[in-house]
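okay, sequence plus prediction incoming.
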Amino acid sequence: MENLITKLDKIISRKDMESFLDKLRVIISNSKYDMNNIRLLEKIIEKCRLLNDKKSLVKTYEIKISQIEHLFDKIPEIFKIVQEMKELSIEIEYSEGLALSYNIEWYIEKIQGNKEKSRKALEESINHIKKNPNPEKYAHYICNYSLAIEYWLEDHNIKSGSILEECSNYFFKEGYYRSLIQSLGILIIIYQQTQNKKKAIKISQQIFSNKYLFTQLPEDVQAIAYYLAGVGQLLIHNLRQSEYLFNESYLLMNSKLQLSGYYSYYYVRLLSHLTIVQALQGKLEQSIEHIKKIEELIEDDFIRKNLDPYSRKQVPHTLNLVKFYVYSRLYGFSSKKVQLLIKLIYEGIENNYSDSILLSEFILNAELNYKQLVKLKESNNSSIYRIQHIIEYVLTKTQTNKEKRIELFKDALSKKPKLKDFTFVEKAFSDLCLVNELFIEKRYLEIYPILIKYQNQLHRIEVLELRVFMEAFIQVGAFKNGDPLGPALQYMAIKKCRNYGFSRLENKLLDYLDVQRTDVLQSK
């Protein structure tokens with residue numbers, strides 16, 4: 001700070017002041033509210049007035065507001081500063097200054113709930129940027145960033161993604177890391193909604209591309225970066241890596257960070273994603289503990305107020321899906337006992353992101369009726385599109401002709417979306433659905449050829465129950481193809497179910513073992 005003040009004292013020209021401010025803006029943008037920053041900015045304001053440098057004064061005001069805009073008690077002061085920024089910008093014909101002034105007005109009106117005033121201010125901001133064929137880059141990108149945020153928050157319009165990608169590239173290149181993380185925060189949500197796993201992973205690589213630089217970032221920025229990278233790994237079902245990244249974020253956030261309004265948004269979303277990872281890994285008790293914690297958090301007035309409209313819907317939907325997954329693992333589960341939960345999940349699917357494995361399990365076990373399944377199948381939601389073959393599979397169960405059912409099953413499962421990034425876990429899930437039906441119809445010899453490709457790759461199936469189920473069915477197939485150790489190895493899979501608390505799967509596998517035993521006795 002003293003070094004900056006020394007540099008400020010040496011400034012004698014407008015050109016020097018402009019260069020000083022361009023560098024200072026980057027430094028201050030990466031720090032949180034700090035009275036030392038405010039005192040420095042007040043000194044700069046005095047120096048700008050002394051030099052009669054009105055353009056630099058407008059820039060300094062914008063930097064100062066970026067430090068205090070989250071403080072509601074400062075709103076009257078902010079409006080007063082914005083008015084002066086407008087007057088100065090008009091006087092010196094500084095279109096970027098007007099654009100930044102209206103951009104600030106857009107944000108302040110928005111956080112106060114004044115949608116119409118906010119929208120008009122944003123229109124003015126973009127219009128002033130467009131007046132200059134070669135606008136200052138900072139003003140151009142910061143105003144377009146706001147436009148993308150508006151598209152996303154108000155209309156959930158994914159065209160904001162391309163704008164944010166351009167903005168994030170600029171922020172990364174110029175060192176505006178806090179703005180970068182904010183851009184990537186929304187991009188990762190868009191990539192979830194559109195199931196764009198490649199771009200989600202690219203974000204992780206972008207964030208951690210320079211390890212030295214990353215360690216120099218403020219802890220709050222690091223925490224959000226870990227969270228975003230964890231979401232990218234979750235999208236491709238790399239659960240262990242995802243959990244590691246989420247835990248790194250949790251360690252940084254689980255102190256004073258989540259107490260601020262801005263970080264409560266990320267903290268709650270982090271916990272909701274952590275519940276998915278824990279549930280899929282078979283850590284059912286930990287998952288339930290986090291569900292209870294999140295439910296308490298989103299009922300807190302302070303945190304609820306600081307959640308964006310999207311998160312207010314998405315987080316409860318995620319929790320409901322995880323709850324259903326956990327409940328449906330337990331012995332004695334009946335969809336009739338959780339009808340309210342099923343109703344809430346069904347109503348939330350259309351407008352929210354759903355993990356493909358959690359959603360597939362819901363479709364398989366919720367006992368939705370024919371009309372409900374058909375309605376889901378016709379949805380434009382990308383999460384539904386990803387599991388349309390599972391919906392088709394369940395719809396075939398309405399067929400009464402048993403001879404045709406298997407072929408219908410095969411046809412339904414072969415129609416899974418032709419996605420290049422279809423995950424290994426999703427492929428395994430689809431194949432297990434098919435072999436389960438083959439087993440029921442006692443077409444045992446067809447099982448092993450389908451599952452043999454997984455025999456030496458079980459470690460890649462990080463969804464614990466799915467891996468145990470796969471182990472058991474591989475042994476069923478092996479036994480029917482002449483391996484005498486099949487039943488003994490199936491008992492090992494059953495024992496794992498008991499250890500992990502998968503009561504429902506344990507009983508299903510015991511029933512299947514009884515079917516095999518009966519078949520052996522009848523064949524003698």
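Perfect, I can see it now.

neighbours around residue 381, how many?
Other residues lying near residue 381 total 17 when counted by other CB atoms under 10 Å. Glycine gets a C-beta too; all of them are placed from N, C-alpha and C.

check the one 3 residues further on too.
Counted with other CB under 10 Å, residues neighbouring residue 384 total 21.

ok, and the closest non-adjacent residue to it?
Once flanking residues are discounted, residue 384 sits nearest to residue 376: 5.7 Å by CB to CB, 6 or more residues apart in numbering.

roughly how far apart are residue 236 and residue 173?
Residue 236 sits 27 Å away from residue 173, going by CB to CB, to the nearest Å.

who's more crowded, the two?
More crowded of residue 236 and residue 173, by other CB under 10 Å: residue 236, with 18 against 10.

how close does that one get to residue 492?
The value you get for residue 236 to residue 492, if CB to CB is used, is 29 Å.

ok, the residue nearest in space to the middle of the chain - contacts?
By CA atoms, centre = their mean, the chain has its centre lying nearest to residue 189, at 4.6 Å. Each residue near residue 189 by CB atoms under 8 Å, 6 or more residues apart in numbering is listed here: 152, 310, 353.

ditto for residue 74
For residue 74, the contact set (CB under 8 Å, 6+ apart) comprises residue 68.

let's go with 10 Å and repeat that
Counting by CB atoms under 10 Å, 6 or more residues apart in numbering, residue 74 touches 65, 67, 68, 81, 108.

and the closest residue to the third one other than its chain neighbours, how far from residue 51?
When the adjacent residues along the chain are set aside, residue 68 lies closest to residue 74, with 4.5 Å between them (CB to CB, 6+ apart). Going from residue 74 to residue 51 by CB to CB gives 26 Å.

and stretch 267-286, what's buried?
267-284 (16 or more other CB atoms under 10 Å).

residue 383 and residue 363 touch, don't they?
No: counting by CB atoms under 10 Å, residue 383 stays clear of residue 363, with 11.1 Å between them.

okay, and the common contacts of those two?
The contact sets of residue 383 and residue 363 overlap at residue 349 (CB under 10 Å, 6+ apart).

I'd like the distance between residue 180 and residue 228.
Using CB to CB, we find residue 180 at a distance of 10 Å from residue 228.

same check, this time on residue 178
From residue 178 across to residue 228, the span is 13 Å (CB to CB).

equivalent analysis for residue 83, please.
With distances taken as CB to CB, residue 83 is found 37 Å from residue 228.

which one's more surrounded, those two?
Taking neighbours as other CB under 10 Å, residue 83 and residue 228 compare with residue 228 leading, 25 against 12.

element containing the more buried one, please.
Using DSSP states H and E, residue 228 sits within helix 219-235.

likewise residue 36?
Assigned by DSSP H and E, residue 36 belongs to helix 35-51.

please state the offset of that helix from the chain centre?
40 Å (CA atoms, centre = their mean, to the nearest Å).

neighbouring contacts of that helix?
When contacts are defined by CB under 10 Å, 6+ apart, helix 35-51 is touched by residues 1, 4-5, 8-9, 11-14, 16-17, 20-21, 24, 27-28, 31, 34, 53-61, 63-68, 81.

out of those residues, list just those in strands.
Among the contacts of helix 35-51, no member is found in strands (DSSP state E).

the stretch 201-350 of the chain: helices as residue ranges?
Along the stretch 201-350 of the chain, the stretches classed as helices by DSSP state H, counting those that start in this stretch are 211-216, 219-235, 239-253, 261-280, 284-299, 301-306, 309-327, 339-349.
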